[in-house]
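Q: Next comes the sequence, and after it the predicted model I'd like to discuss.
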Amino acid sequence: MTTTTAPPPRSTSGTGPAAGPTLPGEPLPAVPRRTAAAALVWAASLPAAGALSLATAWGGWRMPLVVVGAVVLPFVLLSLVLRLGVPRWLAASVLSGLLVLVGYVLSSGAGTTLVGTVGDAVPRLLTEPQPLAFRPDLLVVPVLLSGIVGLLVALRSHRPTRVAPVVGAVVLYAAGALLTRGEGDRIGLLAALLLVLAVLGWVLLDETGEPRKRRALIAGPLLVVAIGVVASASLVPAQEPFDPRSVVDPPMLQTQASSPLPQLAAWSANPDVELFTTSGDVAPLRLVVLDDYDGAQWRAATEYGPLGIEATDVMPLGDQRARFTTAVRVSDLGGSWLPSPGDPTGVSGTDALVDPRTGTLLRPEGTDGVEYEVTAQVDAPDPGALPEAAVPDPDSSAAADLPLERYLQTPDLPYELWVYAQEVAQGTTKPYQRALAIENAVRGRRTLSERAISGSALWRIQDFLLGTPGTAGAQEGTSEQFATAFALLARHTGLPTRVVVGFRPGDEQGDGTRVVRGEHAIAWPEVYFTDLGWVPFDPTPDPSLVGERPTAPPEEAQPSEEPASPPTDPEARPLDDERPGSSGGSGLPVGVWYAAGGVLLVALPLALLLARAVRSWAHRRRGARGAWAEVLDGLVLAGAPARASEPAPSVGDRVAMAYGVPEATTLARAADRSAFAPPGEAATGGLDGTERAALRAVRRGLRRSLPWWRRPAWALDPRVFRR
């Protein structure tokens, strides 16, 4: 007879001589609780670290907290609920709904729908200036992406291969790298952190019983190699990084807005009509910037996009710029354009689009009753630099990439007007001197009259400049004719020029606000000087605008792709870009009420789910008696509650017969023994493996007795709290 000797027991600690790899088909050794907790922390921290790459596009300290929370919170909630015994599919479904609700709330704060916000998310994120503003419409996608990754990682974190946390971290890191063109982690510190975390998790948090010392020996060289690779990559010269902005067209709105110049006569004819009020920094306010003239009229821009969109056909910014923040409340302005103290860098309180070339703000829905706050920048050159200032030479190589033709283009002038332009510029040697000569010549002895014939056509400007006094339109006009005449003469003599329709700052009131009326409307020309930017001129007989040029201490101009520098004027109030969904109205938007209702619809099931899970966890902590309490809860949900006077063994026998679960008898007798055992002999602590399996079988049998359409509500049913 052959005797077979059983192999020695395999050590599960990994430290004894019998330790070795698990054979195929054998169960994995038990994972120590401390190792499991460390693995859970590692699985959450790796994608959270990857999400920091996204946060670098915003800057500041708030966005890192948001994206890390978006990763960790669903991860922790799902892990907790699963450990409390809630079915995985149900917990994942509820948390997925919660993520959608978060996106809906953020979209409501942005004044759009969730589908619309997500649909425009990529173009909007890629066309906004960085650092990105902390606005709801810009937070929806990173929050949803981080939350979805965290949820998926949590669903897969129980796998021994531990690939999901690494994949999640790579996805979030890559998203941030694309959003920032790699500028967020330029020297690779975050990439090195991810590599270190991945190696530590894969090597040190092993669940196969590999000796810890051996795993530590493997981890050291791997970490050295990983850090070396990242460090070497950061030192290798690289070509221009891929810019996703180059392949994404920003969302643009096409509009057929007419020129506001004819409106100047109407405003001048009603000088006391209140158009809007302002508060904050004092500066002339632009309404529309006009740079396209065809000999008949000035044309306003027809394409508008999200604030921050970059234009390729703009003149370079001046070396010195001033920043102003102004709050505006529109009363009777009309139209769709919004006043701004300069090139807008931020708007709160309303949804506004911008013409990226001129900085003109547009609200397609109209402006009546709109309240908003706008921060803008204007060129503010040193007056002492103007006399020697130059203008770009169209024939030079330095001006090859500049859109000079747009600002120098004029139709063929009538001969008399051509001669007049030559006479005005005669004797001037410097561009600024020539601009002043044109300003004085246009002003001349002409009259500013709101009753003058309107229009910007060549024939109207010729009558305005050269007509015989006393004839219609001769030697008198609104600021439309004064500004257009200056622009035509300046362009003809080589000065890049544009026309701005806007308003003087208005009359100051006792409360510090300013009221802008029809009498404050004006058009003025601006000339571009190299390194100084756009400089305003006022050829009207009352040149008050020039005296009101921005006097705030200038700030150094930043490259166009960089964020605006902070204000240097101590009285200038910086725009609070981080007030998402701020509203000028006194009531809450309707979307907020819908969002609140949605929160209740999802929060209530989630609260019930957590309450039931905590109740089940507390029951299982009580051992056999707690397991029997779970059975009694199941009977309530199955519609067959036990009578309070019925003994546990009797109930167990009845459940075993009615539902085909003999395990109910085992649990009932164990609970009976625990309840009536002498003091000190009752079992303490949680359930053992046999009792846990029996409880799962009983609950499964009770749940199967329900109709299919009632089973999904099993983990949410609140009736058990009445037992």
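A: Structure's in. What do you need?
Q: The most centrally placed residue in the chain sits in which helix or strand?
A: Central residue of the chain (CA atoms, centre = their mean): residue 138, 1.7 Å from the mean position. Assigned by DSSP states H and E, residue 138 falls within helix 136-156.
Q: Now the element after that helix, going C-ward?
A: Counting by DSSP H and E, the element after helix 136-156 in chain order, helix or strand, is helix 164-180.
Q: for that next one, packing partners?
A: helix 33-55, helix 62-83, helix 136-156, helix 189-204 (3 or more CB pairs under 8 Å, 6 or more residues apart in numbering; DSSP states H and E). In this view, the C-beta of every residue, glycine as well, is placed from N, C-alpha and C.
Q: out of those helices, which comes closest to residue 173?
A: Closest to residue 173 of the helices and strands packed on helix 164-180 is helix 33-55 (CB to CB; 4.2 Å).
Q: Can you list the buried residues in the longest strand along the chain?
A: Across the chain, the longest stretch assigned as strand under DSSP state E is strand 320-330. Neighbour-count burial for strand 320-330, with 16 or more other CB atoms under 10 Å as criterion, is recorded at 320-328, 330.
Q: Would you map out the domains in this structure?
A: Here the domain assignment for the chain is 33-247, 614-722, based on automatic domain parsing.
Q: Could you dump those into a markdown table and include mean pLDDT and distance to residue 424?
A: Shown next, in a markdown table, are these (pLDDT from 0 to 100; distance: least, CB to CB, whole Å):
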| stretch | mean pLDDT | distance to residue 424 |
| --- | --- | --- |
| domain 33-247 | 74 | 41 |
| domain 614-722 | 82 | 83 |
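Q: Same list (those domains) but as a markdown table, adding distance to residue 409.
A: Supplementary listing: these in a markdown table, determined by distance: least, CB to CB, whole Å:
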| stretch | distance to residue 409 |
| --- | --- |
| domain 33-247 | 28 |
| domain 614-722 | 69 |
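Q: Wait, residue 410 touches residue 488, no?
A: Yes: using CB atoms under 8 Å, residue 410 is in contact with residue 488, at 5.9 Å.
Q: intersection of neighbour lists for the two?
A: Taking CB atoms under 8 Å, 6 or more residues apart in numbering as the contact rule, residue 410 and residue 488 both touch residue 293.
Q: With neighbour numbers in mind, choose between those two.
A: residue 488 (26 against 17; other CB atoms under 10 Å).
Q: Could you report the separation of that one from residue 408?
A: 11 Å (CB to CB, to the nearest Å).
Q: now do residue 497
A: Relative to residue 408, residue 497 is positioned 8 Å away (CB to CB).
Q: between these two, who's got more neighbours?
A: Neighbour comparison, residue 497 and residue 408: the larger count goes to residue 497, with 28 against 19 (by other CB under 10 Å).
Q: what is the more buried one paired to in the beta sheet?
A: With DSSP bridges applied, residue 497 shows beta-bridge pairing to residue 527.
Q: Pull the contacting residues for the nearest residue in space to residue 326 that is not next to it in sequence.
A: Of all residues not flanking residue 326 in the chain, residue 280 sits nearest, at 4.4 Å (CB to CB, 6 or more residues apart in numbering). Residue 280 sits next to 324-327, 373, 573 when contact means CB under 8 Å, 6+ apart.
Q: Lowest-confidence one in those?
A: Lowest pLDDT within those is found at residue 573 (39).
Q: got the contact list for residue 350?
A: So residue 350 contacts 338, 363, 370-372, 584 (CB under 8 Å, 6+ apart).
Q: just the helices in the stretch 601-723 of the chain please.
A: Counting by DSSP state H, counting those that start in this stretch, the segments of the stretch 601-723 of the chain that form helices are 624-637, 648-659, 663-676, 689-704.
Q: what angle sits between the third one and helix 689-704?
A: Spelled out, it's helix 663-676. Interaxial angle of helix 663-676 relative to helix 689-704 (axes from the mean of the first three to the mean of the last three CA atoms, to 10 degrees): 120 degrees.
Q: coming back round to it: nearest to residue 483, of the contacts of residue 350?
A: Distances from residue 483 to the contacts of residue 350, taken as CB to CB, are shortest for residue 338 (20.7 Å).
Q: Which residues are in contact with the closest one?
A: 287, 328, 330, 347, 350, 352, 361-363, 367, 370, 372, 374.
Q: if we can go back for a sec, hmm, the residue nearest to the centre of the chain is touching residue 124, no?
A: Yes: between residue 138 and residue 124 there is a contact under CB under 8 Å: 6.9 Å.
Q: Just give me the neighbour total for the closest residue to residue 51 other than its chain neighbours.
A: Take residue 51 and drop its neighbours on the chain: the residue closest to it by CB to CB, 6+ apart is residue 67, 4.0 Å away. Here the count is done by other CB under 10 Å, and residue 67 has 28 residues near it.
Q: Repeat that for residue 312.
A: Per other CB under 10 Å, the neighbour tally for residue 312 reads 8.
Q: One more: residue 374?
A: Residue 374: 28 neighbours (other CB under 10 Å).
Q: Show me how far the helix or strand harbouring it is from its chain's centre.
A: Element membership for residue 374 (DSSP H and E) is strand 371-379. Relative to its chain's centre, strand 371-379 lies at 20 Å (CA atoms, centre = their mean, to the nearest Å).
Q: That one pairs with which strands, parallel or anti?
A: Strand 371-379 is paired, per DSSP bridges, with strand 320-330 (antiparallel), strand 343-348 (antiparallel).
Q: Which one of those strands lies nearest to residue 454?
A: Here strand 320-330 is closest among the strands paired with strand 371-379 (CB to CB), at 23.7 Å.
Q: following the closest one, which helix or strand shows up next?
A: strand 337-338.
Q: average pLDDT across that next one?
A: Mean predicted confidence for strand 337-338 is 94.
Q: repeat for stretch 274-292
A: Averaging pLDDT residue by residue across stretch 274-292 gives 94.
Q: Setting aside sequence neighbours, what's the nearest residue to residue 640?
A: residue 658 (7.4 Å).
Q: how far away is that neighbour from residue 105?
A: In terms of CB to CB, residue 658 sits 46 Å off from residue 105.
Q: surely residue 367 meets residue 331?
A: No: the criterion here is CB under 8 Å, and residue 367 misses it with residue 331 at 9.6 Å.
Q: Contacts only, for residue 488.
A: Counting by CB under 8 Å, 6+ apart, residue 488 has contacts 293, 410, 413, 417, 421, 458, 461.
Q: Could you pull up the contacting residues of the third one?
A: With contacts defined as CB under 8 Å, 6+ apart, residue 413 is in contact with 421, 458, 488, 492.
Q: Please name the nearest non-neighbouring residue to the second one.
A: The one in question is residue 458. Nearest one to residue 458, counting by CB to CB, 6+ apart, is residue 295 at 5.2 Å.
Q: Equivalent analysis for the last one, please.
A: Closest residue in space to residue 492, ignoring its immediate chain neighbours: residue 421 at 4.6 Å, by CB to CB, 6+ apart.
Q: What separation is there between that neighbour and residue 190?
A: Counting by CB to CB - residue 421 and residue 190 are separated by 60 Å.
Q: that older thread, mind checking which of residue 367 and residue 331 has more residues around it?
A: The residue with more neighbours, out of residue 367 and residue 331, is residue 367; 24 against 15, by other CB under 10 Å.
Q: where does that one fall, phi/psi-wise?
A: phi -120, psi 0 (degrees, to the nearest 10).
Q: In contact with the nearest residue to it once chain neighbours are set aside, which residues?
A: Residue nearest to residue 367 in three dimensions, not counting chain neighbours: residue 330, with 4.7 Å by CB to CB, 6+ apart. Counting by CB under 8 Å, 6+ apart, residue 330 touches 275-276, 338, 367-371.
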